[in-house]
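Undergrad: Give me a 3D structure for the following:
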Amino acid sequence: MPEFESRDPSQAAFWSERFEREFMPWDLGEVPQQLRHFVAQSAKPCSTLVPGCGTGYEVAFLAEAGWEVTGIDFSAAAVDAARRKLGLPGKHVKQADFFTFTPFHRIDLIYERAFLCALPPRMRPAVAARWSELLPPGALLAGFFFFGDPLKGPPFGIVQEELEALLLPNFVCIADEAVPDSLPVFAGKERWQIWQRLSG
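TA: Residues are numbered from 1 along each chain as shown. Okay, here's the model as predicted:
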């Protein structure tokens, strides 16, 4: 593993350094099978926000499928990398802070892909609160959740009970599946889940 100066994953500099040096073991480099299936099975396109979108493969996939999508990342280097790789769909990637970002449109779906597990565990209540703020009743939080050791990371694992404690006041889990195409860093420890925002 290369030596890095930035050690705090809550700061943009941490991620920018890794993107600049192309050290991205969390980057699948393609669209996961379960997202492809989710899009194929959806009755209509969802207006989607992708926090911490990184190189943005999923953003491009959703845009090309006709979905209204915005990918955000607070690392300028990540945004630059996405725009270089994606070409025209890169226009859907914006530099922004998830906790202060104001969406351009109503959100039907937040796609979770290594965002929660990228941040220190102390930030989880703020992430869950922001999910609740951004999603109206009936909207979905769908994606990949990493379960494992919460102290060694990133990625920082979570236990199912903690995830439920964060989400159950405002969400209900409507799908929970094993992941067949995990990267080595996530293998055997992530699950595809869909959570629906409750009213109230």
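Undergrad: Dig out what R197 forms beta bridges with.
TA: For R197, the beta-bridge partners are F171 (DSSP bridges).
Undergrad: Just to check, it is in contact with F171?
TA: Yes. Here R197 reaches F171: they are 5.8 Å apart, a contact under C-beta atoms under 8 Å. In short, each C-beta sits where N, CA and C put it, glycine included.
Undergrad: Okay, strands next: where are they in this protein?
TA: Per DSSP state E, the chain carries strands over the ranges 48-51, 69-73, 93-95, 109-113, 140-146, 171-178, 190-197.
Undergrad: outside of the first one, which residues touch it?
TA: To tie it back to what came earlier, the one meant is strand 48-51. With contacts defined as C-beta atoms under 8 Å, 6 or more residues apart in numbering, strand 48-51 is touched by 56, 58-59, 62, 67-72, 98, 103, 107-113, 115, 134.
Undergrad: rerun that using 7 Å as the cut-off
TA: By C-beta atoms under 7 Å, 6 or more residues apart in numbering, the surrounding residues in contact with strand 48-51 are 58-59, 62, 67, 69-72, 98, 103, 107-111, 115, 134.
Undergrad: List only those of those flagged as buried.
TA: Buried members of those, scored by 16 or more other C-beta atoms under 10 Å, are 58-59, 62, 67, 69-72, 98, 107-111, 115, 134.
Undergrad: which two in the residues you listed are spaced the farthest apart?
TA: The distance between the two most remote of these (C-beta to C-beta) is 19.3 Å, for W67 and F98.
Undergrad: Spit out the contact partners of S47.
TA: Counting by C-beta under 7 Å, 6+ apart, S47 makes contact with 68, 105-108.
Undergrad: Return the backbone torsion pair for it.
TA: phi -80, psi 120 (degrees, to the nearest 10).
Undergrad: now the least confident helix or strand in the chain by mean pLDDT against strand 69-73, angle please.
TA: In the chain, no helix or strand scores lower on mean pLDDT, DSSP states H and E than helix 12-20, which sits at a mean of 72. Between helix 12-20 and strand 69-73, the angle comes out at 110 degrees (axes from the mean of the first three to the mean of the last three C-alpha atoms, to 10 degrees).
Undergrad: low pLDDT regions in the protein?
TA: For the chain, residues meeting the criterion pLDDT under 70 lie at 1-8, 15, 19, 21-29, 200.
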